[in-house]
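> Give me a model of this one.
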Amino acid sequence: SLVLKIGTQTLNIDGALLRSIGYAPSFEQFAGRLSLFFSLEYGGIYLMNSITSLLYARNKFLTLLKLFKAGIPVPRSLLTENIAEAYRTTKEWRKVVVKPVVGSRGFGQVLVENEDVGYRIYRTCLQFKQFIFLQEFLEKPSRDIRLFVVGDRVVAAMYRYAPPNEWKTNIAQGGKAVSLTPSSELEELAVKTVNILNMDYAGIDVVECKTGFQVLEVNGSPAFEGIMEATHKDIPREIVKYLIEKIKK
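Purely as a prediction, here's the structure:
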């Protein structure tokens with residue numbers, strides 16, 4: 001039988017909130033942690049979010065790919081190790097955002113408006129053995145929308161406004177949070193996105209474009225301090241309440 005222990009003490013829990021896989025400087029450590037989390041699930045412990053869905057959400061490109069295949073509107077994106085293809089795409093799309101495949105809070109994202117400037121950045125990525133991940137820059141108001149979904153409900157929503165003369169709206173980058181009452185269309189888009197990724201909760205980033213709403217990113221371990229301050233919603237309570245409901249089923 002499967003036995004889970006911490007030291008000499010047998011682990012006797014029904015569920016847990018999985019916020020992160022943790023920093024793993026080697027593939028061996030990463031594989032070991034995955035084995036541990038999968039063992040918890042195989043042992044009947046409910047992880048929120050599941051390890052599989054969290055892995056998907058941590059990978060920005062895989063997230064967009066899965067949403068695109070399901071019919072969710074997302075920006076045009078390119079993942080490549082071919083610098084010529086990245087150069088050509090930048091010239092065609094005119095404005096692109098260079099992103100890390102795995103990352104959060106807007107760190108490491110660069111707006112490129114010239115293919116020759118982009119070329120220098122892409123060459124640096126390849127020198128450090130990093131993939132080139134480009135996303136078409138969408139013309140929009142100087143804001144985006146963060147929707148916090150728990151289960152099948154949007155429990156909080158906010159506009160995130162970019163600082164003056166900046167394009168990033170992340171709260172960690174100086175963005176300003178303003179409470180938002182989402183439309184039924186926005187709520188439906190956010191909940192559908194979470195369901196496609198088989199997640200229990202997530203932060204969904206949406207932009208308003210001429211063609212309608214598009215999903216920029218999905219955060220499987222979303223921070224909630226900024227959105228709580230803006231909306232006065234008790235998000236940790238909503239998360240824990242939902243986890244307890246899932247355990248009792």
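> okay, now Lys5: neighbour count?
8 (other C-beta atoms under 10 Å). No exception for glycine: its C-beta is placed from N, CA and C like everyone else's.
> Also Asn49?
Count around Asn49 with other C-beta under 10 Å applied: 22.
> Can you name the residues that contact it?
18, 57, 199-202, 220 (C-beta atoms under 8 Å, 6 or more residues apart in numbering).
> Counting only helices, which of these make the cut?
When the contacts of Asn49 are checked against helices (DSSP state H), the matches are Ala57.
> Show me which residues of stretch 167-183 are buried.
Buried residues in stretch 167-183, defined by neighbour count with 16 or more other C-beta atoms under 10 Å: 168-171, 173, 175, 177, 180, 182.
> what's the span of that stretch, first residue to last?
Length of stretch 167-183, first residue to last, C-alpha to C-alpha, to the nearest Å: 24 Å.
> which residues of this structure score low on pLDDT?
Along the chain, the model assigns pLDDT under 70 to residues 1-2, 106.
> mind listing the strands for it?
Taking DSSP state E as the test, the strands found in the chain are 5-6, 9-10, 15-17, 46-48, 77-80, 96-98, 110-112, 132-136, 143-150, 153-161, 176-179, 201-209, 212-219.
> Tell me which of those sits nearest to Thr63.
strand 212-219 (5.1 Å; C-beta to C-beta).
> Check which helices and strands the closest one is in contact with.
helix 60-69, helix 184-196, strand 201-209 (3 or more C-beta pairs under 8 Å, 6 or more residues apart in numbering; DSSP states H and E).
> what residues are up against the closest residue to Lys140 other than its chain neighbours?
Nearest residue to Lys140 in three dimensions, chain neighbours excluded: Val207, at 4.8 Å (C-beta to C-beta, 6 or more residues apart in numbering). Each residue near Val207 by C-beta under 8 Å, 6+ apart is listed here: 138, 140, 144-145, 213-214, 216.
> hmm, try it at 10 Å
Contacts were defined as C-beta atoms under 10 Å, 6 or more residues apart in numbering; by that measure Val207 touches 73, 75, 138-141, 143-145, 169, 213-217.
> Mind checking which of these are buried?
With burial judged by 16+ other C-beta under 10 Å, the buried subset of these is 75, 138, 143-145, 169, 213-217.
> who's the residue nearest the centre of the chain bridged to?
Centroid-nearest residue in the chain: Asn219, 2.5 Å away (criterion: C-alpha atoms, centre = their mean). Residues in a beta bridge with Asn219, per DSSP bridges, are Gly203.
> Reformat the buried residues of stretch 167-183 as JSON lines; add distance to Ser26.
Formatted as JSON lines, the buried residues of stretch 167-183 follow (distance: C-beta to C-beta, whole Å):
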{"residue": "Lys168", "distance to Ser26": "31"}
{"residue": "Thr169", "distance to Ser26": "34"}
{"residue": "Asn170", "distance to Ser26": "29"}
{"residue": "Ile171", "distance to Ser26": "32"}
{"residue": "Gln173", "distance to Ser26": "30"}
{"residue": "Gly175", "distance to Ser26": "34"}
{"residue": "Ala177", "distance to Ser26": "37"}
{"residue": "Leu180", "distance to Ser26": "42"}
{"residue": "Pro182", "distance to Ser26": "42"}
